[in-house]
Each structure stands twice: as structure tokens, then as C-alpha cells.
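quick one: sequence plus predicted model below, questions after.
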Amino acid sequence: MQYSRVLWMIAILAIGLAADAGAQPTAGPISRFVLDARGSWARFKQTPALAEALAVEATSLPTRGLGFTVGAHWYPLRTRHITFGIGAELARAGDSRTIKVTDAAGVQTTGPTITTTFTSFAPQLSFNFGRDEGWSYVSGGLGSARITTEREDKAAPDTAARTRALNYGGGARWFNSPRLAFTFDVRFYAISPREETATVPAYPRAKFMVLSAGVAFR
């Protein structure tokens with residue numbers, strides 16, 4: 001699915017949920033504080049330049065990482081149609097893939113394991129649409145991230161520098177009880193390139209999507 005199509009879906013969801021909440025006159029304004037805890041799924045890209053630095057094929061690199069996202073958000077300014085929020089989120093995801101090697105005789109053996117790990121921490125500004133029993137949002141922020149891909153048989157010290165990372169996306173929260181909600185989020189990360197060091201290979205500019213779902217507390 002193209003990124004632009006996903007963003008259009010987020011915008012339609014925001015408008016639809018806001019209209020539904022507005023049709024319920026008994027609903028109050030969005031809560032002042034919310035905490036999120038979500039499981040996440042990241043879609044990594046198989047970059048040829050990175051595979052070459054690791055002496056493997058690009059198809060050997062991990063593509064799908066599982067992880068988590070936790071965040072805290074405060075909503076200081078509320079108007080009739082939109083609520084402005086500020087907060088921060090910590091995201092982490094990773095995956096491993098073991099290469100299968102076939103020799104000249106056709107015998108298959110287990111090769112090296114490639115591991116990709118991603119972490120990000122960033123403040124966020126959000127625009128929220130709806131009422132206290134359910135609302136959608138679009139948000140974004142500029143923070144820092146660290147992404148590494150390495151062979152376990154040639155593991156380097158954990159010295160990879162953090163780089164700038166822009167994140168943007170949206171989601172929604174539905175409160176079926178006074179304090180607990182179901183929440184989901186679709187987020188895109190654009191990470192600046194990292195220079196090569198004596199122990200860590202260079203990492204090119206990266207852009208990938210993270211889907212997450214879980215619970216929210218207020």
C-alpha cells in the first residue's frame with residue numbers, strides 16, 4: 001500500500017470519528033492526559049548497499065520487526081472542533097533472519113544470522129478530533145533514532161550513533177470504560193543516514209512504516 005493512500009485513510013478516519021462524536025451531545029471534551037502502551041510491527045527495507053557492507057544478499061536482510069511503543073500525551077488547548085496535544089513516544093522493534101547456504105553439492109546448511117534493531121524517542125505535536133469517549137488524531141515530531149543491522153557472527157560493539165528521525169502518522173482511541181481504551185496507530189519514520197565508523201557500517205537514509213495497536217489509559 002502506498003504511503004499517500006494510508007495517509008488519506010487516516011484523514012478520512014479522523015473526519016468520520018469527529019462527526020460521530022459530535023453527534024453525541026452528552027460526550028465531554030478530550031481528557032487532559034493519556035498514556036499509551038502498544039505492540040508494534042515494523043516494515044524494514046532490504047537495502048542493497050547495506051547488504052553489500054555485510055557481505056550478504058539484500059534478500060537476506062530482515063523485513064518485519066516486532067516490538068512495542070509507549071507514550072504519554074497532554075492536551076492543554078481544546079477548542080470546539082479540535083484539541084491540540086503535546087507528548088512523547090518511545091518505539092522499539094527488531095527482527096532476525098538466518099541465512100540458508102547451499103553448497104556446490106546441493107547440501108543446505110545454516111549460515112549467519114542477520115539482526116535489525118530500531119529504537120526511536122521523539123516529542124510529538126498532535127491534532128485531535130472527537131470527544132472523550134473516542135477520538136482520532138494526526139501527529140508528528142522530530143527526535144532521534146538508532147537503527148542497526150549486523151551479522152551475529154561478526155557482531156560489533158553497540159556504539160552506533162543516534163541520528164535525527166522524523167515521524168508522522170495518525171490513529172484513534174476508543175474508550176469502552178472510563179479509564180481504559182483500545183488504540184491503534186499508523187506511523188512513518190524517516191531516518192537520517194549514519195556515517196561509517198571503525199566498528200559500525202554506514203546506514204543509508206531509511207524510511208519505513210510501523211503499525212501498532214494496544215491500550216490507552218487516562
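Structure received. Numbering: from 1, shown residues only.

which strand in the chain has the most residues?
strand 108-131 (DSSP state E).

show me what counts as buried in that strand.
When burial is assessed from 16 or more other CB atoms under 10 Å, strand 108-131 yields the following buried residues: 112-122, 124, 126, 128-131. Just so you know, the C-beta spots here come from the backbone N, C-alpha and C atoms, and that holds for glycine as well.

likewise for stretch 209-218?
Quick answer for stretch 209-218 (16+ other CB under 10 Å): Met209, Val210, Leu211, Ser212, Gly214, Ala216, Arg218.

so what sits opposite the third one in the bridge?
On the basis of DSSP bridges, Leu211 is bridged to Trp41, Val186.

wait, it sits on Gly171?
No: in this structure Leu211 lies outside contact range of Gly171 using CB atoms under 8 Å: 9.6 Å.

intersection of neighbour lists for the two?
Common neighbours of Leu211 and Gly171 (criterion: CB atoms under 8 Å, 6 or more residues apart in numbering): Phe184, Asp185, Val186, Arg187.

with these in mind, which one is nearest to Thr148?
Nearest to Thr148 among the shared contacts of Leu211 and Gly171: Arg187, at 19.8 Å, using CB to CB.

re the thing from before, and the next helix or strand after the longest strand of the chain, what does it pack against?
Counting by DSSP states H and E, the element after strand 108-131 in chain order, helix or strand, is strand 134-151. For strand 134-151, the packing partners by 3 or more CB pairs under 8 Å, 6 or more residues apart in numbering; DSSP states H and E come out as helix 3-22, strand 83-102, strand 108-131, strand 163-175, strand 180-191.

quick revisit: pLDDT and distance to Thr79 for the buried residues of stretch 209-218 - can I get that in JSON lines?
Formatted as JSON lines, those follow (pLDDT from 0 to 100; distance: CB to CB, whole Å):
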{"residue": "Met209", "pLDDT": "94", "distance to Thr79": "31"}
{"residue": "Val210", "pLDDT": "95", "distance to Thr79": "30"}
{"residue": "Leu211", "pLDDT": "95", "distance to Thr79": "30"}
{"residue": "Ser212", "pLDDT": "96", "distance to Thr79": "28"}
{"residue": "Gly214", "pLDDT": "96", "distance to Thr79": "28"}
{"residue": "Ala216", "pLDDT": "96", "distance to Thr79": "22"}
{"residue": "Arg218", "pLDDT": "92", "distance to Thr79": "20"}
